[in-house]
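Asks: sequence plus the predicted model coming up.
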Amino acid sequence: MSSVSWSQFFSATLILVGVPTLIGAGIIIWPVMRAERAGLAGRGGTGGGSLGPWSTGLVAFPLGFLACMGWLTWSADYHGEFRGPGLPAPNEFPTWQVIACGATVVLVCFVAARLSRWAIAGGLAAAAGTAAGFATAFSVAASTDSTGQSGVGVALSMIGWAVGLGVLMLVRGFWMAGRRTLSSPS
């Protein structure tokens with residue numbers, strides 16, 4: 001059993017998770033927040049909660065982390081044997097466990113987005129935070145890998161979850177905005 005290299009963990013997390021999250025926040029979330037705020041002046045927030053985008057992302061981060069660690073640090077393998085929980089994490093999982101992990105990640109992103117007062121920017125912040133949390137948990141495995149191949153998994157995880165959850169949150173945000181437009185009196 002290999003131990004966690006904290007220097008590898010922090011450098012992988014910074015480069016493969018932190019930098020893309022901050023770039024996404026600066027290029028996508030911040031301009032969307034400004035546009036959403038300008039378009040809704042005088043009407044208050046549009047989401048269901050009271051958190052701003054930064055707070056929403058900070059709530060989503062540990063939820064994404066826990067979703068990954070909760071589902072992917074143990075395995076009920078195909079032979080009926082149970083392994084875990086523990087690190088390093090197993091590298092084979094039954095299909096139902098992977099699907100349950102994915103569904104949990106999507107659910108925690110929706111929960112975090114619901115806590116935001118901004119429908120679109122808050123949803124995107126929830127997507128970024130959830131993806132960053134999940135990829136950070138993945139970085140733990142990368143820090144025990146001497147080949148460096150797990151780093152590619154961290155990058156792909158970050159990209160895949162950020163894009164996938166981002167699209168879901170955009171659909172959610174526009175649906176909420178359309179529903180609000182239809183229900184408001186003219």
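Replies: Okay, I see it.
Asks: ok, the spatially most central residue of the chain to V17 distance?
Replies: Residue closest to the average C-alpha location in the chain (C-alpha atoms, centre = their mean): T130, at 1.8 Å. Using C-beta to C-beta, to the nearest Å, one gets 12 Å for the distance from T130 to V17. The way it works is simple: take the backbone N, C-alpha and C, and place the C-beta from them, glycine included.
Asks: equivalent analysis for M169, please.
Replies: Distance from M169 to V17, by C-beta to C-beta: 18 Å.
Asks: what is the helix or strand of the chain with the lowest mean pLDDT packed up against?
Replies: Least confident helix or strand of the chain, by mean pLDDT, DSSP states H and E, is strand 82-83 with a mean of 74. Counting contacts by 3 or more C-beta pairs under 8 Å, 6 or more residues apart in numbering; DSSP states H and E, strand 82-83 is packed against strand 75-76.
Asks: ok, residues contacting the strand it packs on?
Replies: Contacts with strand 75-76, where a contact means C-beta atoms under 8 Å, 6 or more residues apart in numbering, come from 82-84, 90, 92-94, 97.
Asks: and if we set it to 6 Å?
Replies: Applying C-beta atoms under 6 Å, 6 or more residues apart in numbering, the external contacts of strand 75-76 come out as 82-84, 90, 93.
Asks: give me the mean pLDDT for that strand.
Replies: Averaged over strand 75-76, pLDDT sits at 78.
Asks: the lengthiest helix in the chain packs against which elements?
Replies: Counting by DSSP state H, the longest helix found in the chain is helix 149-183. Other helices and strands packing on helix 149-183, by 3 or more C-beta pairs under 6 Å, 6 or more residues apart in numbering; DSSP states H and E, are helix 119-142.
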